[in-house]
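Undergrad: model the following, please.
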Amino acid sequence: MIDDDMRALINGQKLCFAATVTPDGRPNLSPKGTIRVWDDEHLFFCDIASPGTRANLEASPWIEVNVVDPLSRRGYRFLGTATLHRDDAIHREALARLAADPPVPPSVHAIVLIRVERALSIESPGYASGNDETAMRAEWRARRAALEERFEAHLAGRPPWRPDWAR
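TA: Prediction:
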C-alpha cells in the first residue's frame, strides 16, 4: 500500500494535514508536523497539542491525511482509520523511532496510528503546461523565494508572533 515514492515524499516533508470529523459531523483539518511511515500499511503522527483531533478520533476513527511536496506540487492522500496509543508498546516504539529522526516533540499526548485503506495521488494542474517534476520544482523554488521575501518584509514590520498557549 505505501510504496517507495510515498515513503520518500513523507520523509522529505514531515508535515501533513489531517482531516477528521467532529462528533456533530463537521470537518476538522489540522496540520501535523510529525508524520512518519510505520510500515507498509500504516502511518503515524504525534498528538502534541490537538485535543480537537484526539476527541474527533475517539468519537469516529475515520481520517484522511494529505502530504504534499510544495515544490513538486504533488503528493498523496491517505484514507483510513486511526487508533490512539498512550503508554503502550506502539507509543514507546513511535517515540523511539522519532528519537532516531529528530526533533522529538517535548510533549506527546498520544500516538495516532493510521491503518491506510486507500492511497491516492495528488497532482497539480501545473503539469498540464508540459512541465515535468524537475521544471516544476525549479519554477516553485523561484516563486517560493519571492513569497518568502514578501513575508519576511511583513514580519520585519511587526513584533515576533507567538501562540497564546506559549506565552
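Undergrad: please make it C-alpha for all contacts and neighbour counts, starting now.
TA: Noted.
Undergrad: the domain parsing of the chain - what is it?
TA: Split into domains by automatic domain parsing, the chain comes to 4-123, 128-167.
Undergrad: so which of those is the most surrounded?
TA: domain 4-123 (a mean of 17; mean count of other Cα atoms under 10 Å).
Undergrad: neighbouring contacts of the top helix by length along the chain?
TA: Ranked by residue count under DSSP state H, the longest helix found in the chain is helix 133-156. With contact meaning Cα atoms under 8 Å, 6 or more residues apart in numbering, helix 133-156 is reached by 70-73, 126-127.
Undergrad: can I have it written out in PDB, keeping just the CAs?
TA: Extracted C-alpha coordinates of helix 133-156, given in PDB (Å, rounded to 0.1, in the frame of the first residue of the first chain):
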ATOM      1  CA  GLU A 133       8.900  17.500 -12.000                       C
ATOM      2  CA  THR A 134      12.300  19.000 -12.400                       C
ATOM      3  CA  ALA A 135      10.900  22.100 -14.200                       C
ATOM      4  CA  MET A 136       8.000  22.300 -11.700                       C
ATOM      5  CA  ARG A 137      10.500  22.300  -8.700                       C
ATOM      6  CA  ALA A 138      12.700  24.900 -10.300                       C
ATOM      7  CA  GLU A 139       9.700  27.200 -11.000                       C
ATOM      8  CA  TRP A 140       8.400  26.900  -7.500                       C
ATOM      9  CA  ARG A 141      11.800  27.400  -5.900                       C
ATOM     10  CA  ALA A 142      11.900  30.800  -7.600                       C
ATOM     11  CA  ARG A 143       8.300  31.600  -6.700                       C
ATOM     12  CA  ARG A 144       8.900  30.400  -3.100                       C
ATOM     13  CA  ALA A 145      11.900  32.800  -2.700                       C
ATOM     14  CA  ALA A 146       9.800  35.700  -3.800                       C
ATOM     15  CA  LEU A 147       6.900  34.700  -1.500                       C
ATOM     16  CA  GLU A 148       9.400  34.300   1.400                       C
ATOM     17  CA  GLU A 149      10.900  37.700   0.700                       C
ATOM     18  CA  ARG A 150       7.500  39.400   0.900                       C
ATOM     19  CA  PHE A 151       6.500  37.600   4.100                       C
ATOM     20  CA  GLU A 152       9.900  38.400   5.700                       C
ATOM     21  CA  ALA A 153       9.200  42.100   4.900                       C
ATOM     22  CA  HIS A 154       5.800  41.800   6.600                       C
ATOM     23  CA  LEU A 155       7.400  40.200   9.700                       C
ATOM     24  CA  ALA A 156      10.000  42.900   9.900                       C
END
